[in-house]
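In: Sequence and predicted structure below; questions after.
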Amino acid sequence: MTNRVCEILGIEKPVIQAAMAYLTTPEMVAAVSNAGGLGTLGLSGESADQLRDKLIKIKSLTDKPFALNLSPFKDPQEDAVTHASSSNASDAGEEDTTPISAATAEEIFQLAVAENVPVVLWSGLMNRKWAKKFKEAGIKIIFRAGTPTAENTREAIEAGVDVIMPLVLMKAALFQLRSSGLLPSCH
């Protein structure tokens, strides 16, 4: 089973594992990739050195493509990678900006290039400088805007991203899994 996304990402099956911060391990990422999908490493509060160790471990367990989740919501030089979900919002209506990585987005972006990460799953704000660096390094980019708009979709296309993943697609997939009985509903 293959499609255009499989061809672009170099995977056998159209399965992209969710990043699931704090839950993914190098072993899980490698297992998904070895099974033909795209394993994705979520950030779990690690320093740049700890993240490098995880990337090296993944590469020791698979020679297949895998992804690193990136979630910059400001300029990468200033941004500590943070929660950006409204589900983490405070009672005052403010976004939770609790760091989910001890490394800044800039350090993580540099690490992705230095460690030859095959794919980045980029959630958040597009940064053309880094998109260009990733493309020059041969890194494939899957882009998912926090709030998809025509403007940020156009910006992503102009920056050269390889795949755009709309949030609607993720919600539709969950709905189909629940309605088919493969994923239980939570009440």
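Out: Thanks, I have it.
In: and the closest residue to residue 11 other than its chain neighbours, what is it in contact with?
Out: Nearest residue to residue 11, sequence neighbours excluded (CB to CB, 6 or more residues apart in numbering): residue 38, at 5.1 Å. C-beta here means a position set from N, CA and C on the backbone, and glycine is covered the same way. If you count contacts by CB atoms under 8 Å, 6 or more residues apart in numbering, residue 38 has them with 9, 11, 15-17, 32, 65-67, 119.
In: at 6 Å what do you get?
Out: Counting by CB atoms under 6 Å, 6 or more residues apart in numbering, residue 38 touches 9, 11, 16, 67.
In: The last one and residue 10: what is the separation?
Out: Residue 67 sits 11 Å away from residue 10 when distances are taken as CB to CB, to the nearest Å.
In: Who has more neighbours out of those two?
Out: A count of neighbours by other CB atoms under 10 Å puts residue 67 above the other of residue 67 and residue 10, at 29 against 12.
In: what packs against the helix or strand hosting that one?
Out: Using DSSP states H and E, residue 67 maps to strand 66-70. Applying 3 or more CB pairs under 6 Å, 6 or more residues apart in numbering; DSSP states H and E, one finds that strand 66-70 makes contact with strand 39-41, strand 119-123.
In: Point out the most buried one among these.
Out: strand 39-41 (a mean of 26; mean count of other CB atoms under 10 Å).
In: in its sheet, what does it sit against?
Out: strand 66-70 (parallel) (DSSP bridges).
In: Run the angle between the strand holding residue 67 and strand 119-123 for me.
Out: Put simply, strand 66-70 runs at 30 degrees to strand 119-123, going by axes from the mean of the first three to the mean of the last three CA atoms, to 10 degrees.
In: Residues in contact with strand 66-70: which ones?
Out: 19, 29, 33, 38-42, 58, 112, 117, 119-122.
In: try 7 Å this time
Out: The contact list for strand 66-70 (CB atoms under 7 Å, 6 or more residues apart in numbering) reads 19, 29, 33, 38-43, 58, 105, 108-109, 112, 117-123, 142.
In: can you map out the helices along this protein?
Out: 4-9, 26-34, 48-61, 105-114, 128-136, 150-159, 167-179 (DSSP state H).
In: Noted, bye for now.
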